[in-house]
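1. Fold the following.
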Amino acid sequence: MGSEGPKAVTIHVTGFKKFQGVSENPTETIVNNLMSFVQRKGLLPAGVTLGSCTVLETAGNGALSVLYNVLESGISGIDTKNEQVIWLHLGVNSGAEEFALEQQAVNEATFCCPDELGWQPQQLPIVAEDGETSRKRETTCSIEAILKFLKNKGYDVTISNDAGRFVCNYVYYHSLRFAEQKGLKSLFVHVPLFSRINEETQMQFLASLMEALFQPANIK
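-> Next up is the predicted model:
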């Protein structure tokens, strides 16, 4: 007999604190307010749960233990055979005027400036046992379908194949690797500053994105 219906989906969202050049990170505001926003407006479809909202230090190696605590706690007590877990990571691109769905992360840490804990690697593999810095990991989310869904909602959004080499890429690479090991899904999205797209629109975008992640192509 087949399944009685689609899997339930639990989505865990992370953002970042400030970093050099960005004194107020919009993803910190979004993540801090997201739970109350979707509950107040009743925006999530039945079957979707916003499991956690966490703001991470904008740091790589020095914050790695914190990142993995966040990842592990998100699946504690979850039956992944009957429930899909998705990690949704948010970062800011201060020069962007649209949202960007990141297709992949690269096994390279080359930080353009020191992170918030003072680390500035150059051409180092993020995970040494994965081999060369050219190694890539791609999201298993149906990114083209997500793009279409969001565009139909009226959002300015694109697909990106380069998450940079700073902390966003660093976190995404670890998350994609973790997701693959656990049979889960991970997606990173870059958002603009609030001066480009206002806070209310960005909050609505996140609610629509979580709805997109519940579409049949993403909950297999």
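
2. for the protein, what spans make up the strands?
-> Listed in chain order, the strands of the chain (DSSP state E) span 8-16, 48-56, 83-92, 99-102, 104-106, 136-138, 157-160, 185-191.

3. Pipe these into CSV and attach mean neighbour count, mean pLDDT and distance to Q120 per row.
-> C-beta here means a position set from N, CA and C on the backbone, and glycine is covered the same way. As requested, the strands of the chain are exported to CSV (neighbours: other Cβ atoms under 10 Å; pLDDT from 0 to 100; distance: least, Cβ to Cβ, whole Å):
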stretch, mean neighbour count, mean pLDDT, distance to Q120
strand 8-16, 23, 94, 17
strand 48-56, 19, 94, 18
strand 83-92, 24, 94, 18
strand 99-102, 23, 98, 22
strand 104-106, 23, 98, 17
strand 136-138, 16, 98, 23
strand 157-160, 16, 98, 23
strand 185-191, 25, 97, 21
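
4. With distance to L147 as added columns, please give the ones you listed in CSV.
-> Listed next are the strands of the chain as CSV, based on distance: least, Cβ to Cβ, whole Å:
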stretch, distance to L147
strand 8-16, 18
strand 48-56, 19
strand 83-92, 15
strand 99-102, 6
strand 104-106, 15
strand 136-138, 15
strand 157-160, 6
strand 185-191, 11
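
5. isn't A179 right next to E138, touching?
-> No. In this structure A179 lies outside contact range of E138 using Cβ atoms under 8 Å: 10.9 Å.

6. Relative to Q120, how far out is the closest residue to G21 other than its chain neighbours?
-> Counting by Cβ to Cβ, 6 or more residues apart in numbering, S94 is the residue found nearest to G21 once chain neighbours are left out, at 6.7 Å. Separation of S94 from Q120 (Cβ to Cβ, to the nearest Å): 19 Å.

7. what's the closest residue to Q104 other than its chain neighbours in contact with, if anything?
-> In this structure, Q104 finds its nearest non-sequential neighbour in E138, 4.5 Å apart by Cβ to Cβ, 6+ apart. Contacts for E138 were tallied using Cβ atoms under 8 Å, 6 or more residues apart in numbering; they are 103-104, 176.
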